[in-house]
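1. Dropping a prediction and its sequence here:
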Amino acid sequence: MIKPYIIDFKKLGASDIGYISVNEGINYVPFKAERVFWTYYTPEEVVRGRHAHYKTEQVLIAVAGRIVVNIELPNGENQIYTLDRPNIGLYVPPNCWHTMQYSHSSVQLVFASTAYNEEDYIRNYDKFKEVYPK
């Protein structure tokens, strides 16, 4: 079973001129991104995500603000990650239930391994537990 892990994108620059992080040469994203999207202005009391994917892999990046990501693996193990630096990504493999809670100013960038397909989503937690019993 592949588990989520942190990706440390190389940070180039300095505080007096600013920074850049790239995904070039060394491919930090472990798949070819078929879809890229971003979320922003999410109220802090809103919990997003609340789903798993059968096939889609993702890398989540908080390019601004803070995002707390809760992940439940198929075996029931829970992991919590706080993304609060724009050069840090979180790899989320398929088959992981995940939720995200944002600071209001946060902007989340997501690289996804597949194009949008509603059939790839498990949107009901009870269904997730049925598909992946402990």
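-> Done, it's in.

2. Distance of the residue most central in space within the chain relative to Val69?
-> The chain has Leu60 as the residue nearest its centroid, 3.0 Å off, counting by C-alpha atoms, centre = their mean. Applying C-beta to C-beta, to the nearest Å, the value for Leu60 to Val69 is 6 Å. Glycine gets a C-beta too; all of them are placed from N, C-alpha and C.

3. Same check on Ser106?
-> Ser106 sits 11 Å away from Val69 when distances are taken as C-beta to C-beta.

4. picking up where we left off before, state the pLDDT value of the residue nearest to the centre of the chain.
-> Residue-level confidence at Leu60 comes out at 98, pLDDT.

5. surely it meets Thr99?
-> No: Leu60 lies out of contact with Thr99 (C-beta atoms under 8 Å); the separation is 11.6 Å.

6. overlap in contacts of those two?
-> Common contact partners of Leu60 and Thr99 (C-beta atoms under 8 Å, 6 or more residues apart in numbering): Val69.

7. Would you map the strands across the chain?
-> For the chain, the strands defined by DSSP state E cover 5-8, 11-14, 18-21, 35-40, 47-53, 58-64, 67-72, 78-83, 88-92, 97-102, 107-112, 121-122.

8. now those in a markdown table, with distance to Asn27?
-> Shown next, in a markdown table, are these (distance: least, C-beta to C-beta, whole Å):
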| stretch | distance to Asn27 |
| --- | --- |
| strand 5-8 | 10 |
| strand 11-14 | 16 |
| strand 18-21 | 13 |
| strand 35-40 | 15 |
| strand 47-53 | 21 |
| strand 58-64 | 11 |
| strand 67-72 | 22 |
| strand 78-83 | 20 |
| strand 88-92 | 12 |
| strand 97-102 | 23 |
| strand 107-112 | 11 |
| strand 121-122 | 26 |
